[in-house]
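> Got a sequence here, can you model it:
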Amino acid sequence: MNLPLDTLQYSFSAKPLLVGGKAMEYYGLRKAGADIDLIVPEKDVAALIKMYPERVKDLWGDLGVCPFEFEIWRTICFFDYEYLKIDAIEKEDILIISLEKLLFMKALAMKVEKYLNDVKLIVQNVIDTQYMQYQKQNEINQKILAGIDVTYIEKRGPEI
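This is a model prediction of the structure:
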């Protein structure tokens, strides 16, 4: 993924963590909007605020700076870089938030319809991915049940 980080004219202390719509697009869930949302360590936010003091946001204590098409945050809902980068996908210049952490972040914001829709997209993707394992799991289950006369009280899934 090629992001125009060079337009910031800043060298990050650690790879920025890509979140938001661009992360949704990375996972093939939907097209991103125009902005690029990043979470970075505190010292990077502080330095960027000094560079762009007229582009600062404070949303209920989440401090960020918004130069050009970027929204660069210290925290979102007070969850910081160190927490959100766990299990991130590493690329050359950035980290991409894990799908599980992205779902978590979208769930925190799901009072807004756009983010509720994102939650639904992520959940459907997870379910579709997991269900691709049905045949393998069914074979394991059949080995477990071999020789046992089972009466199901409920059974769902594709007919095999």
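> residues contacting Val123?
Leu103 (Cβ atoms under 8 Å, 6 or more residues apart in numbering). (Each C-beta comes from the backbone N, C-alpha and C, glycine too.)
> Could you measure from it over to Arg156?
Val123 is 18 Å from Arg156, where distance means Cβ to Cβ, to the nearest Å.
> Could you pull out the helices in the protein for me?
20-26, 42-51, 81-84, 99-108, 113-131, 134-145 (DSSP state H).
> could I get the ones you listed as JSON lines with distance to Leu8?
Shown next, in JSON lines, are those (distance: least, Cβ to Cβ, whole Å):
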{"stretch": "helix 20-26", "distance to Leu8": "15"}
{"stretch": "helix 42-51", "distance to Leu8": "7"}
{"stretch": "helix 81-84", "distance to Leu8": "17"}
{"stretch": "helix 99-108", "distance to Leu8": "23"}
{"stretch": "helix 113-131", "distance to Leu8": "26"}
{"stretch": "helix 134-145", "distance to Leu8": "46"}
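> looking at the ones you listed, which is buried most?
Greatest average neighbour count among the helices of the chain goes to helix 20-26 (a mean of 21), per mean count of other Cβ atoms under 10 Å.
> any idea of the pLDDT on the closest residue to Val40 other than its chain neighbours?
With Cβ to Cβ, 6 or more residues apart in numbering as the criterion, Val40 has its nearest non-adjacent residue at 5.0 Å, and that residue is Pro16. We note a pLDDT of 98 for Pro16 in this prediction.
> List the backbone torsions phi and psi for Pro16.
Per-residue torsions, Pro16: phi -60, psi 150 (degrees, to the nearest 10).
> which residues does it contact?
Contacts of Pro16 by Cβ under 8 Å, 6+ apart are 5, 38-40, 44, 72, 93-95.
> Going by distance to Ala32, which of these wins?
Leu38 (12.8 Å; Cβ to Cβ).
> Quick check: the gap between the closest residue to the closest one other than its chain neighbours and Phe68.
Among residues not flanking Leu38 along the chain, Pro16 sits closest, at 4.2 Å (Cβ to Cβ, 6+ apart). As judged by Cβ to Cβ, Pro16 and Phe68 stand 14 Å apart.
> any weak-confidence spans in this structure?
159-160 (pLDDT under 70).
> Can you pull up the most central residue in it?
Leu102 (2.4 Å; Cα atoms, centre = their mean).
> quick one, what contacts the nearest residue to it once chain neighbours are set aside?
If you skip the residues right next to it in sequence, Leu102 has Ala23 as its closest partner in space, 5.4 Å away by Cβ to Cβ, 6+ apart. Contact analysis of Ala23 by Cβ under 8 Å, 6+ apart lists 37, 96-97, 102.
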